[in-house]
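Asker: just coords:
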């Protein structure tokens with residue numbers, strides 16, 4: 001069989017060759033430097049064998065693919081250590097996740113933090129024994145016989161859930177054997193730093209009718225320095241937790257009467273409005289019309305859109321005049337009704353309709369997480385109806401707009417193209433055409449991208465934009481979705497240049513995504529220390545003595561307020577030191593202190609957030625500079 005390499009070289013090998021031996025055909029040194037491979041796009045361990053022609057791409061420790069192998073292997077290492085320390089446990093599943101791994105465990109022993117330290121120590125002992133991860137492909141009956149004999153009911157259930165013709169494999173790590181499709185590292189020797197992070201409860205298969213298991217989360221690295229860096233990042237992330245800062249800064253709240261439904265407080269509304277105003281100004285410049293569509297529309301509409309068949313479990317329903325209605329989970333059907341409300345010519349296109357629409361989606365209570373996962377949120381949606389010949393230019397315009405907005409907040413970003421999912425509408429030919437258009441457009445923009453297989457929306461492929469914050473954490477925000485299905489299902493059309501009826505292409509796009517989630521990300525990105533234009537309160541005015549200086553300071557405060565700045569006058573009967581500390585706690589960008597000297601010389605003593613020193617400025621000049629900074633959103 002023939003194997004192609006990234007440099008274009010092609011070599012012939014015997015069928016069933018291990019990927020490790022393929023790597024050794026390049027050189028022994030190269031084989032020692034790699035961790036795993038992608039073969040025909042599938043992630044594989046070096047101990048795995050290949051049986052058909054294909055393209056191979058090997059990767060090293062510093063790659064994202066390596067982390068998946070590293071963390072998946074460490075989940076098995078943890079299970080091996082637990083089995084040795086607590087022999088009566090049963091293991092459910094133990095995958096790699098975005099940041100580390102976990103294993104679900106059934107045990108009469110209630111695990112506590114002190115147990116984690118013992119397990120970590122045993123994990124490193126086993127790792128230093130340099131065990132190979134040995135893969136064995138076995139028959140369905142062999143697998144059932146093996147795990148039934150061990151009394152491992154969870155593995156037996158997993159095997160029975162597999163299709164009759166499924167390939168079944170097990171991996172051996174020393175004395176520990178697990179049902180697993182892989183992939184894994186070749187050997188445990190490279191796992192040199194481990195930290196078990198937490199213990200949580202998890203229902204078997206995520207079903208609350210099943211038994212509650214114990215889930216242990218962890219992470220591992222090839223070097224202790226990498227683990228130390230990660231743990232430091234976690235500590236910094238705790239300080240930036242938007243739920244804590246949101247409460248500390250009086251931005252938002254939740255109430256038990258509405259779990260998952262956020263309440264914005266006055267300062268939080270300022271932040272939200274500033275983000276919306278900024279976006280609306282840009283949309284106005286780029287030819288968008290703003291619309292607002294109803295929150296509740298009848299059930300028939302959602303059958304037409306396909307949401308009833310593909311999204312109903314995430315929707316809320318109600319009844320009006322004994323007729324079934326749904327609360328919208330997405331804005332797109334309403335936008336289509338706006339388009340359909342009047343006839344259109346090809347000369348009208350593209351039509352760009354923007355909507356800051358409140359949508360509702362049902363999330364399981366256990367998945368709710370501050371502003372990051374809520375049941376009601378505002379989407380900065382837009383729906384563009386265009387000619388097929390306009391698709392690329394429209395997507396380029398969207399990506400340019402997204403780049404401008406993300407750079408305003410200091411975000412770097414990465415682009416993914418999400419392709420046809422298993423549950424999709426339309427034909428494969430339509431999807432292939434749409435996916436090709438997205439790939440060509442991204443390549444013409446010279447943007448690096450990755451393919452995110454089978455993660456498109458049910459009605460079309462999409463570009464997903466992942467932001468990286470100040471801690472280099474990834475966040476999924478923007479999306480551009482190419483849709484050939486909705487126009488067909490809703491029978492929308494335009495009159496073309498030949499006076500014939502034609503079907504427009506529909507582009508869905510969001511840049512903030514969920515405004516709530518974006519606000520949560522911004523809080524953590526800035527650690528609450530917002531740029532001046534975003535800060536809910538931009539300066540606090542603090543008289544040295546309220547009795548002596550208060551009246552004149554309040555006049556200056558009103559002057560700044562009249563200039564359009566968001567300022568507070570602190571007339572409390574407290575010490576100046578406490579007022580400054582309180583202002584710093586609220587992360588107000590500036591504290592203005594006024595005493596005899598400042599009032600006589602028309603200056604202001606300014607202390608910036610996070611700094612201990614104060615500096616003196618001409619009052620009028622500082623006012624003008626603040627106004628300019630806010631107006632230009634610097």
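Answerer: Thanks, I have the structure now. For clarity, every value in this text was computed on a predicted model and none was experimentally measured. Residues are numbered from 1 along each chain as shown.
Asker: quick one: which helix or strand includes the nearest residue to residue 31 once chain neighbours are set aside?
Answerer: The spatially closest residue to residue 31, leaving aside those adjacent along the chain, is residue 23, at 4.0 Å (Cβ to Cβ, 6 or more residues apart in numbering). All C-beta spots, glycine's among them, are computed from the backbone N, C-alpha and C. Per DSSP states H and E, residue 23 falls inside helix 19-24.
Asker: Could you double-check that residue 465 sits in contact with residue 474?
Answerer: No: contact criterion Cβ atoms under 8 Å: residue 465 and residue 474 do not qualify, at 10.6 Å.
Asker: okay, those two: which has more neighbours?
Answerer: Taking other Cβ atoms under 10 Å, residue 465 and residue 474 do not tie; residue 465 has more neighbours (25 against 13).
Asker: how far is stretch 159-168 from where the chain is centred?
Answerer: 32 Å (Cα atoms, centre = their mean, to the nearest Å).
Asker: Quick one: neighbours of residue 620, just the number.
Answerer: 12.
Asker: How about the one 3 residues further on?
Answerer: Per other Cβ under 10 Å, the neighbour tally for residue 623 reads 18.
Asker: ok but it is inside a helix, no?
Answerer: Yes: the assignment for residue 623 (DSSP: H, G, I helix; E, B strand; the rest coil) places it in a helix.
Asker: Let me see the contact set for it.
Answerer: Contacts for residue 623 (Cβ atoms under 8 Å, 6 or more residues apart in numbering) come out as 559, 560, 563, 565.
Asker: what helix or strand is the closest residue to residue 200 other than its chain neighbours on?
Answerer: Closest residue in space to residue 200, ignoring its immediate chain neighbours: residue 215 at 4.8 Å, by Cβ to Cβ, 6+ apart. Using DSSP H and E, residue 215 falls within strand 212-221.
Asker: relative orientation of the helix or strand following that strand and strand 212-221 in degrees?
Answerer: Using DSSP H and E, the helix or strand that follows strand 212-221 in sequence is helix 224-239. Interaxial angle, helix 224-239 versus strand 212-221 (axes from the mean of the first three to the mean of the last three Cα atoms, to 10 degrees): 120 degrees.
Asker: Distance from the chain centre to helix 224-239, please.
Answerer: 19 Å.
Asker: in the next helix or strand after it, what counts as buried?
Answerer: Downstream of helix 224-239, the next assigned helix or strand under DSSP H and E is helix 242-248. Across helix 242-248, burial judged by 16 or more other Cβ atoms under 10 Å covers 242, 243, 245, 246.
Asker: right, and the helix or strand after the helix or strand hosting residue 413?
Answerer: Here residue 413, judged by DSSP H and E, is contained in strand 412-418. Following strand 412-418 in sequence order, the next helix or strand is helix 428-444 (DSSP H and E).
Asker: For whichever helix or strand comes after that next one, list every residue counted as buried.
Answerer: Once the chain leaves helix 428-444, the next helix or strand it forms, by DSSP H and E, is strand 449-452. Buried residues in strand 449-452, defined by neighbour count with 16+ other Cβ under 10 Å: 449, 452.
Asker: Who are the contact partners of residue 99?
Answerer: Contacts of residue 99 (Cβ under 8 Å, 6+ apart): residue 219.
Asker: Return the distance of it relative to residue 440.
Answerer: To residue 440, residue 99 is 33 Å away according to Cβ to Cβ, to the nearest Å.
Asker: so how far does stretch 230-247 reach from one end to the other?
Answerer: The first and final residues of stretch 230-247 sit 26 Å from each other (Cα to Cα, to the nearest Å).
Asker: likewise stretch 95-111?
Answerer: Terminal-residue distance, stretch 95-111 (Cα to Cα): 19 Å.
Asker: Kindly report the same for stretch 364-372.
Answerer: Start and end residues of stretch 364-372 are separated by 13 Å (Cα to Cα).
Asker: what's next to the strand holding residue 215, contact-wise?
Answerer: With Cβ under 8 Å, 6+ apart, strand 212-221 has contacts from 70-71, 74-75, 77-78, 82, 92, 99-107, 110-111, 116, 119, 191-204, 227, 230.
Asker: Buried residues in it, which are they?
Answerer: So for strand 212-221, counting by 16+ other Cβ under 10 Å, buried means 213, 214, 215, 216, 217, 218, 219, 220, 221.
Asker: Likewise for stretch 17-26?
Answerer: 18, 19, 20, 22, 23.
Asker: And the furthest pair within those?
Answerer: Farthest-apart pair in those is 18 and 23; separation 9.0 Å (Cβ to Cβ).
Asker: Between those two, which contacts overlap?
Answerer: residue 46.
Asker: quick revisit: now the strand holding residue 215: mean pLDDT?
Answerer: Mean pLDDT, strand 212-221: 96.
Asker: Each with direction, which strands does it pair with?
Answerer: strand 100-106 (antiparallel), strand 193-203 (antiparallel) (DSSP bridges).
Asker: For those, give me JSON lines that also has mean neighbour count.
Answerer: Output for those, formatted as JSON lines (neighbours: other Cβ atoms under 10 Å):
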{"stretch": "strand 100-106", "mean neighbour count": "22"}
{"stretch": "strand 193-203", "mean neighbour count": "17"}
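Asker: so which of those strands gets nearest residue 257?
Answerer: strand 193-203 (25.4 Å).
Asker: quick one on the thing from earlier: of all the strands paired with strand 212-221, which one is nearest residue 618?
Answerer: strand 193-203 (52.1 Å).
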